[in-house]
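Enquirer: pasting the sequence and the predicted model now:
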Amino acid sequence: MTKLNFDITRLNVQDLLPQRVPFIFVDSVLALDPDQKNCVTQFLIKKDTLLMDQGYLSEGGLVENIAQTCALYLGIYNKYILHKEIQIGFIGAIKKFAIFELPKQGDLLSTNIQITTEFGDMKIVNGTIKCAGRDIAHGEFKIAIGNE
Amino acid sequence: MERGKIIETINLFLIEEIEIEEDLLNEEALLKEDLGIDSLDFVDVVVIVEREFGFKIKPEEMTDVKTLGAFYDYIEKKVNS
């Protein structure tokens, strides 16, 4: 069983993401299980959040929220478990992406990612976004890990 | 498991999911050059093999698997070992 010996909720996500403010769509990590290969993050939709459309977070914002949750999992895994440099991941493909509801400013999102398959530098990740306990979006992401 | 069943399963997946034309599927076909299966596609192949044949492909075992025939051979060997 792999354990992280610090409070993961206190991590500064900006230290682990390649993206920079204001293009940040995750506020904090709520949970991460290296053995189960999953991670849960939280994001409050703010007045100045990018990718908003008429007060609602757009599809692009939801995709970015899941992608950044994947990036955080991989960043934490590389830095604190493998003790390696953080690698940059790229979205290779998105399949079966479904949106049931667009969240609005003031909504708090909880995003869960689960790595289901790994082959070399490729990963298949299932991502689900919840808002107020409801599933509002989910999809399957293929992530390619860069070598630089 | 018979080789014919393995070929049928793999080919059906390549045609329906990766959208490779059936005419291109022959044992001499090179996975990358002739069939255009890149690493993004191949991770889906890994999933289908695990689901249909019950084992996980290891990247290091694929080093010498260049053709579709060699891939059938690899699966046949794994499922019958």
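Expert: Looks like it came in fine. Values in this document were obtained by computation on a predicted structure and should not be read as measured data. Numbers count the residues shown, from 1 in each chain, chains lettered A, B, ... in the order given.
Enquirer: nearest residue to residue 53 in space, ignoring adjacent ones along the chain?
Expert: Went with chain A since none was named. Leaving aside its chain neighbours, residue A:53 sits nearest to residue A:102 (8.0 Å; criterion: C-beta to C-beta, 6 or more residues apart in numbering or on different chains). The C-beta positions use only the backbone N, C-alpha and C, and glycine is treated the same way.
Enquirer: please refer instead to chain B.
Expert: Residue B:53 sits nearest to residue B:79 (C-beta to C-beta, 6+ apart), 5.1 Å away.
Enquirer: do residue A:35 as well
Expert: residue A:2 is the one closest to residue A:35 (C-beta to C-beta, 6+ apart), at 5.5 Å.
Enquirer: quick check: that neighbour touching residue A:37?
Expert: No. Using C-beta atoms under 8 Å, residue A:2 is not in contact with residue A:37, being 10.3 Å away.
Enquirer: settle it for me: which of those two has more neighbours?
Expert: residue A:37 (17 against 10; other C-beta atoms under 10 Å in any protein chain shown).
Enquirer: mind checking how far that one is from residue A:55?
Expert: For residue A:37, the distance to residue A:55 equals 35 Å [C-beta to C-beta, to the nearest Å].
Enquirer: shaky segments in chain A?
Expert: Applying pLDDT under 70 to chain A flags the ranges A:147-148.
Enquirer: where do the strands sit along it?
Expert: Using DSSP state E, the strands of chain A run over A:28-33, A:38-44, A:52-53, A:56-57, A:89-99, A:108-119, A:122-131, A:134-145.
Enquirer: output those as a markdown table; include the columns mean neighbour count.
Expert: Listed next are those as a markdown table, based on neighbours: other C-beta atoms under 10 Å in any protein chain shown:
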| stretch | mean neighbour count |
| --- | --- |
| strand A:28-33 | 18 |
| strand A:38-44 | 21 |
| strand A:52-53 | 14 |
| strand A:56-57 | 22 |
| strand A:89-99 | 14 |
| strand A:108-119 | 19 |
| strand A:122-131 | 21 |
| strand A:134-145 | 18 |
